[in-house]
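*Asks:* The following comprises the amino acid sequence and a computationally predicted model.
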Amino acid sequence: MIRFDHVSKVYPRTTRPALDDVSASIERGQFAFVVGSSGSGKSTLLRLVLKEETATSGRVQVAGRELERLPRRDVPALRREIGCVFQDFRLLPAKTVTDNVAFALQVIGGRRRDIRRQVGETLEMVGLQDLGRRLPHELSGGEQQRVAIARAIVNRPSILLADEPTGNLDPATSLDIINLLDQINRRGTTVLMATHDDEIVNAMRRRVLELDEGRLVRDDERGEYALTRATGLRGPDGGASRHTARSTGSPEPSDETRPTARTEEGDR
Ligand SMILES: Nc1ncnc2c1ncn2[C@@H]1O[C@H](COP(=O)(O)OP(=O)(O)OP(=O)(O)O)[C@@H](O)[C@H]1O
């Protein structure tokens, strides 16, 4: 579904690569976290998937497309396959919840009746069916992020990219949000999520890709957060020290590792 093949990215007017020879493959239906300290390249990796940035070398394949060769006119179709969620929600402040979600469908020219039905179903899925008439500032942070998630999935994309989606939320709300992303993943959407949220990564025990100064230093099938550099686990060559064979399909966390196990934990 998403494949990075020896991908490097050097931004203009910089010398140190933001991504350095990254190879990884995320299969359809997988849930993968991207972790790493600030500046390690997580957002860059997600931006390459969206073709907001282009790799300096290597190949990025998304949903059967070779992004380096993708003509500009085909980029909108690529992006329709990808929903995005960000730390700062990015809702339209003057539009209601319903209109924020509907907007994504209106811009691609859906029929009014279909839009109403799809928006209704999606708001119900994220648990906001009663708040459709509110404006974003009349919602809590967690509710705003649910609206953003509803907007990201309303046209049923095959991939959901989430860049630090719990970064502005308290631990209990973060858990609600990750459970929602987990539910969306279980319905078949491939999820790639960049995060600094160690509790969530440790509770979910899904695939973890770790970046360190642009290099992929870890790819664990049911990983924990603990950063390699901090724990001294980095291999002698500076490369992946605990690489596991990439998995196919969506790993099922066992009951004791389900994120709900964290409900009692409260504050950080
Ligand atoms: N548009 C840009 N132009 C130049 N350098 C950039 C640009 N965007 C990112 N970088 C650099 O690329 C490197 C990786 O940045 P990136 O935003 O991908 O890291 P990150 O892991 O997402 O960080 P954070 O966790 O702080 O969001 C950093 O050194 C950053 O300064």
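*Replies:* Looks like it came in fine.

*Asks:* Distance of Asn124 relative to the ligand?
*Replies:* Quick fix: residue 124 reads Glu, not Asn. Glu124 sits at a distance of 32 Å from the ligand (criterion: CB to the nearest ligand atom, to the nearest Å). The way it works is simple: take the backbone N, C-alpha and C, and place the C-beta from them, glycine included.

*Asks:* my bad, should have said Ile184
*Replies:* Going from Ile184 to the ligand by CB to the nearest ligand atom gives 22 Å.

*Asks:* Next: Ile149.
*Replies:* 20 Å.

*Asks:* Same question for Asn202.
*Replies:* Applying CB to the nearest ligand atom to Asn202 and the ligand gives a distance of 18 Å.

*Asks:* State the helix or strand in which that residue lies.
*Replies:* According to DSSP states H and E, Asn202 maps onto helix 198-204.

*Asks:* so what secondary structure elements neighbour that helix?
*Replies:* strand 31-35, helix 171-186 (3 or more CB pairs under 8 Å, 6 or more residues apart in numbering; DSSP states H and E).

*Asks:* Mean neighbour count, these: which tops it?
*Replies:* Comparing the helices and strands packed on helix 198-204 by mean neighbour count (mean count of other CB atoms under 10 Å), strand 31-35 comes out on top with a mean of 24.

*Asks:* now Arg207, which residues is it bridged with?
*Replies:* Ala32 (DSSP bridges).

*Asks:* re earlier: same list, the helices and strands packed on helix 198-204, but as JSON lines with distance to Ser23 please.
*Replies:* Shown next, in JSON lines, are the helices and strands packed on helix 198-204 (distance: least, CB to CB, whole Å):
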{"stretch": "strand 31-35", "distance to Ser23": "14"}
{"stretch": "helix 171-186", "distance to Ser23": "23"}
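
*Asks:* Now distance to Phe4 and mean pLDDT too, for the ones you listed, in CSV please.
*Replies:* Shown next, in CSV, are the helices and strands packed on helix 198-204 (distance: least, CB to CB, whole Å; pLDDT from 0 to 100):
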stretch, distance to Phe4, mean pLDDT
strand 31-35, 11, 98
helix 171-186, 20, 96
